[in-house]
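> What would the 3D arrangement of this be:
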Amino acid sequence: MSSFWEALCAVAHRMTDRRGQGTVEYLGLVLAVGALLLAVSVQVKGGGAGIGGQISKSMEKAISSVAQP
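Prediction:
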C-alpha cells in the first residue's frame, strides 16, 4: 500500500513542478503570432495595392532575406 502512496505523491509532485513552463509560454507565443500571420494572410487575399499588399510584400521580403545565405 505504501508504493501506491509513493506513486500518488510522485504524480502530485510532477503536476506542481514548474520545469518546462517557459517552453510552454514560448510555444503559446509562437502559436499566437502564427495565428495572427494566418489571419493577415487570409485578409490580404493575394496582395493588392492596399495596406494588406504592403504588409504581404514586406513580410515576403523579410522572410526571403532571412532564408537566403
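> next structured bit after the helix or strand harbouring Ala10?
For Ala10, the host element (DSSP states H and E) is helix 2-16. Moving toward the C-terminus from helix 2-16, the next helix or strand (DSSP H and E) is helix 21-44.
> Against which helices or strands is that next one packed?
Counting contacts by 3 or more CB pairs under 8 Å, 6 or more residues apart in numbering; DSSP states H and E, helix 21-44 is packed against helix 51-67. For every residue, glycine as well, the C-beta is placed using N, CA and C.
> So which bits of the helix it packs on are buried?
Using 16 or more other CB atoms under 10 Å as the test for burial, helix 51-67 gives 52, 55-56.
> residues in contact with the residue most central in space within the chain?
Centroid check for the chain by CA atoms, centre = their mean gives Val30 as the closest residue, at 1.9 Å. Residues near Val30 by CB atoms under 8 Å, 6 or more residues apart in numbering: none.
> coming back round to it: tell me how far the helix holding Ala10 lies from the chain's centre.
Remark: helix 2-16 is offset 31 Å from the chain centroid, using CA atoms, centre = their mean, to the nearest Å.
> next one: stretch 21-34
On CA atoms, centre = their mean, the centre of stretch 21-34 falls 4 Å from that of its chain.
> Only the buried residues of that stretch, if you could.
In stretch 21-34, counting by 16+ other CB under 10 Å, buried: nothing.
> same for the helix holding Ala10, what does it pack against?
Helix 2-16 packs on no helix or strand, going by 3+ CB pairs under 8 Å, 6+ apart.
> how about that helix as PDB, C-alpha atoms only?
Extracted in PDB, the C-alpha atoms of helix 2-16 (Å, rounded to 0.1, in the frame of the first residue of the first chain):
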ATOM      1  CA  SER A   2       2.900   2.400   0.600                       C
ATOM      2  CA  SER A   3       4.000   2.100  -3.000                       C
ATOM      3  CA  PHE A   4       0.600   3.400  -4.100                       C
ATOM      4  CA  TRP A   5       1.000   6.500  -1.900                       C
ATOM      5  CA  GLU A   6       4.600   7.000  -3.100                       C
ATOM      6  CA  ALA A   7       3.300   6.800  -6.700                       C
ATOM      7  CA  LEU A   8       0.500   9.200  -5.900                       C
ATOM      8  CA  CYS A   9       2.900  11.700  -4.300                       C
ATOM      9  CA  ALA A  10       5.300  11.400  -7.300                       C
ATOM     10  CA  VAL A  11       2.400  12.200  -9.600                       C
ATOM     11  CA  ALA A  12       1.300  15.200  -7.500                       C
ATOM     12  CA  HIS A  13       4.900  16.400  -7.400                       C
ATOM     13  CA  ARG A  14       5.200  16.200 -11.200                       C
ATOM     14  CA  MET A  15       1.900  18.100 -11.700                       C
ATOM     15  CA  THR A  16       3.100  21.000  -9.500                       C
END
